[in-house]
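In: Have a look at this prediction, sequence included:
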Amino acid sequence: MFLVIDSRVKRFLSKNGLVILGFTFILSLIALLAVGLTQNKNTPENFKFGIVFDAGSSHTTMYIYKWSAEKVNDTGLVYEIESCKVKGPGISAFASNLQDIPMYLSKCMGRAKELIPKYKHHQTPVYLGATAGMRLLRMENEESAERILNSVTSFLSSYPFNFRGARIISGSEEGAYGWITINYLLGKLQKKQNSKDPSSRRNESLETYGALDLGGASTQITFVPKDTNIKPPIKFMQFRLYGNNYSVYTYSFLCYGKDQALLKKLAMDIMNAPSGILLDPCFHPGYERTVDVSYLFNNTCTREYNGQFPFHELKINGTGEFQQCQEDLLDLFHTTNCRYTSCTFNGIFMPPVQGEFGAFSAYYYTMNFLNLTSDKVSSEEMVIDKMKKFCARPWKEVNTTYAGVKQKYLSEYCFAGTYVLTLLQAYNFTDYWKHIHFMDKINDNTEAGWTLGYMLNLTNMIPAELPQPKPFSRPTYISLMVAFSLVLAVVFILGSIIFHKSSYFQKKAI
Ligand SMILES: O=c1[nH]cnc2c1ncn2[C@@H]1O[C@H](COP(=O)(O)OP(=O)(O)O)[C@@H](O)[C@H]1O
Ligand SMILES: [Ca+2]
């Protein structure tokens, strides 16, 4: 019985085998194509968000970052979707009015709730980092600083977000995170990852940009020195990012932000104003301002100049002389004693500057206002020339020309521009001006500053090693499936034909 069926099946197969195989092949091909085409839709991207508050000495800004969850380990893919300026002064001004902190922060938090989809709130981290204003307050009154941070913590924890802490970051962190931010955004950290020539990777760290950050109360300089074999008196910071090692020099000068530097300068100059009237070369001719003497000296940065004065107010009368202003400012920088191989000012160790530099924050605001950020402004002389003319302009004229500009900033651009020049000279950038790139937003939308680097670090978004090569993309995967199936089918059909023919000839031979 079985033998009979077997011979019938064999006969049927030998007659119609090819037809069946062909039919099956076409059906499978249609099925594969159908699956390929229907499944090859772009799946909606899964976005993530992060919030960082930059609690600076002069003001607080909230940044919201966004990135695709799938591409988390690639460089440069996190971007800023919002920067919300908190109305009011820096948080250190709230020591005696803690009750106002919720009002102060609530507007920007409301913005965050609007911009981030509700179902993402609980997984969105919120950080607050305070910088030099709070560092100074902590030095004056540790408990006060603690109370401010506690109030901020209790308010921010009341939101449905994932609050991850409010703290005072160190000057080194501020410098290093600013360096990470700009190099991440400029794509300097993961460059040449596909390079086949290992020798081309050796000096990769030298290609990073140095970071120059100028705040109101402190200023940071951060870069990878040329010679990392020198024995530094302070430790270089070590980073391993995307499979590369970086040895980074960073230093933060407290009291050398532009607001504190101005107070230091005034505290120094008051000695030369016995009647309480100061002829100040760093302000425009015709400009007048009154400063409270107790305000001037009730400050950690000016304590060294303190003295007794027979007046309570210092009256400033601008004279607009750039050269004299710079000479006065040079007194803030002590460049004589250096116990190391090389120093910046005040006897602080610093290796010689090298590579390109990105200068942001108040460096950018100041130079941008003065129209000096273009790469065409390639020498210090060009900047000096412009500053001389700008400082000499009468205040009345400046005030009408730039009617829309905030008075506080406008009145201080002559001082600020001169300070930027003097600070960069003190760092030894005099013949190096063309390597400084003043920058604000990188890749169109993301501000240069320490906040992004801080978040990337705390969320472990920059891997120490290069990310594994990616699996095939969906379309490639489907195309490969179809191609392999075709090959398989062709091989199978050819095999069947050969088998069929050989059994036919065998039969004939018998
Ligand atoms: O539009 C502007 N023009 C000029 N200066 C500005 C502008 N916006 C902010 N600034 C200045 O930038 C500096 C920012 O310092 P920040 O508040 O971040 O202090 P910190 O980093 O020392 O803690 C302050 O001196 C502030 O006055
Ligand atoms: Ca700052």
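Out: All right, it came through fine. Ligands and ions are numbered 1, 2, ... in the order given.

In: The closest residue in space to residue 69 that isn't next to it in sequence - how many residues pack around it?
Out: Nearest residue to residue 69 in three dimensions, chain neighbours excluded: residue 46, at 4.2 Å (CB to CB, 6 or more residues apart in numbering). Any C-beta I mention is one placed from the backbone N, CA and C, and that applies to glycine too. Look at residue 46: counted by other CB atoms under 10 Å, it has 9 neighbours.

In: I figured residue 46 hits residue 70, correct?
Out: Yes - assessed by CB atoms under 8 Å, residue 46 is found in contact with residue 70 at 6.5 Å.

In: What residues are bridge-paired with the closest residue to residue 283 other than its chain neighbours?
Out: If the residues on either side of it in the chain are set aside, residue 283 comes closest to residue 318, at 3.0 Å by CB to CB, 6+ apart. For residue 318, the beta-bridge partners under DSSP bridges are residue 280.

In: Can you give me the distance of residue 318 to ligand 2?
Out: Taking CB to the ion, to the nearest Å as the measure, residue 318 falls 27 Å from ligand 2.

In: what's the pLDDT at that residue?
Out: At residue 318, the pLDDT value in this model is 98.

In: And the helix or strand harbouring residue 114, what's buried?
Out: Element membership of residue 114 [criterion: DSSP states H and E] is helix 101-115. Residues of helix 101-115 classed as buried: 101, 104-105, 108-109, 112 (neighbour count, 16 or more other CB atoms under 10 Å).

In: How about stretch 47-55?
Out: Applying 16+ other CB under 10 Å to stretch 47-55 flags 48-55 as buried.

In: Could you do stretch 457-471 as well?
Out: For stretch 457-471, by 16+ other CB under 10 Å, it's 457-459, 461-463.

In: Of the residues you listed, which ones also sit close to ligand 2?
Out: Filtering those for proximity to ligand 2 by CB under 5 Å from the ion leaves nothing.

In: Determine which two of those are furthest apart.
Out: The span of those, defined through CB to CB, is set by 458 and 463 at 14.2 Å.

In: and the nearest residue to residue 433 once chain neighbours are set aside, what are its phi and psi?
Out: Distance criterion CB to CB, 6+ apart; nearest residue to residue 433, sequence neighbours excluded, is residue 380 at 4.9 Å. The phi/psi pair for residue 380 (degrees, to the nearest 10) reads phi -60, psi -40.

In: Can you name the residues that contact residue 380?
Out: Going by CB atoms under 8 Å, 6 or more residues apart in numbering, residue 380 touches 421, 424-425, 429-431, 433.

In: Around ligand 1, which positions in the stretch 301-450 of the chain sit nearby?
Out: 361-362, 365-366, 409 (CB under 6 Å from any ligand atom).

In: so of those, which ones are in strands?
Out: Mapping these onto strands (DSSP state E) picks out residue 361.

In: And the residue nearest the centre of this protein?
Out: Closest to where the C-alpha atoms of the chain average out (CA atoms, centre = their mean) is residue 181, at 2.7 Å.

In: State whether that residue is indeed within a helix.
Out: Yes - membership of residue 181 in a helix is supported by DSSP: H, G, I helix; E, B strand; the rest coil.

In: right, and it touches residue 452 too?
Out: Yes - in this structure, residue 181 is within contact of residue 452 by CB under 8 Å, at 4.3 Å.

In: Give me the common contacts of the two.
Out: By CB under 8 Å, 6+ apart, residue 181 and residue 452 have no common neighbours.

In: pLDDT on stretch 487-496, on average?
Out: For stretch 487-496, the mean per-residue pLDDT is 71.

In: Those residues of this protein touching ligand 2, which are they?
Out: Listed as neighbours of ligand 2 in the chain under the rule CB under 5 Å from the ion: 56, 215.

In: The chain - how does it break down into domains?
Out: As assigned by automatic domain parsing, the chain contains the domains 2-39+491-509, 47-192+201-254+440-458, 258-438.

In: Of those, flag the one that's most buried.
Out: Of the domains of the chain, the one with the most neighbours on average (mean count of other CB atoms under 10 Å) is domain 47-192+201-254+440-458, at a mean of 19.

In: end-to-end on it?
Out: End-to-end distance of domain 47-192+201-254+440-458: 18 Å, with CA to CA, to the nearest Å as the criterion.

In: now that domain: mean pLDDT?
Out: Here domain 47-192+201-254+440-458 scores 94 as its mean pLDDT.

In: How far does it sit from its chain's centre?
Out: Taking CA atoms, centre = their mean, to the nearest Å, one finds the center of domain 47-192+201-254+440-458 at 8 Å from the center of the full chain.

In: what are the C-alpha coordinates of stretch 338-355, in CSV please?
Out: Coordinates of each C-alpha in stretch 338-355 appear next as CSV, following Å, rounded to 0.1, in the frame of the first residue of the first chain:
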residue,chain,number,x,y,z
CYS,A,338,56.2,82.2,39.4
ARG,A,339,57.5,79.2,41.2
TYR,A,340,56.8,76.8,38.3
THR,A,341,57.9,76.2,34.7
SER,A,342,55.2,78.5,33.5
CYS,A,343,52.4,80.6,35.1
THR,A,344,49.4,82.6,34.4
PHE,A,345,48.8,85.6,36.7
ASN,A,346,49.0,85.6,40.6
GLY,A,347,51.7,82.9,40.6
ILE,A,348,49.2,80.2,39.4
PHE,A,349,50.7,77.4,37.4
MET,A,350,49.5,77.2,33.8
PRO,A,351,51.1,75.4,30.8
PRO,A,352,51.6,77.5,27.7
VAL,A,353,48.3,77.9,25.8
GLN,A,354,47.9,75.8,22.7
GLY,A,355,45.3,74.9,20.1
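
In: Need the residues that contact stretch 309-316.
Out: In contact with stretch 309-316 (CB under 8 Å, 6+ apart) are residues 266, 270, 273, 275-278, 280, 283, 287-294, 296.

In: and if you look at stretch 154-163?
Out: Stretch 154-163 is contacted by residues 51, 101-102, 105-106, 109, 112-113, 121-126, 128, 153, 166 when judged by CB under 8 Å, 6+ apart.

In: Which one of the buried residues of stretch 47-55 is nearest to residue 251?
Out: Nearest to residue 251 out of the buried residues of stretch 47-55 is residue 54 (CB to CB; 20.0 Å).

In: Quick check: nearest residue in space to the residue in the stretch 151-300 of the chain that ligand 2 sits nearest to, chain neighbours excluded?
Out: Using CB to the ion, the point where the stretch 151-300 of the chain gets nearest to ligand 2 is residue 215, with a distance of 3.7 Å. Excluding its sequence neighbours, the residue lying closest to residue 215 (CB to CB, 6+ apart) is residue 257, at 4.2 Å.
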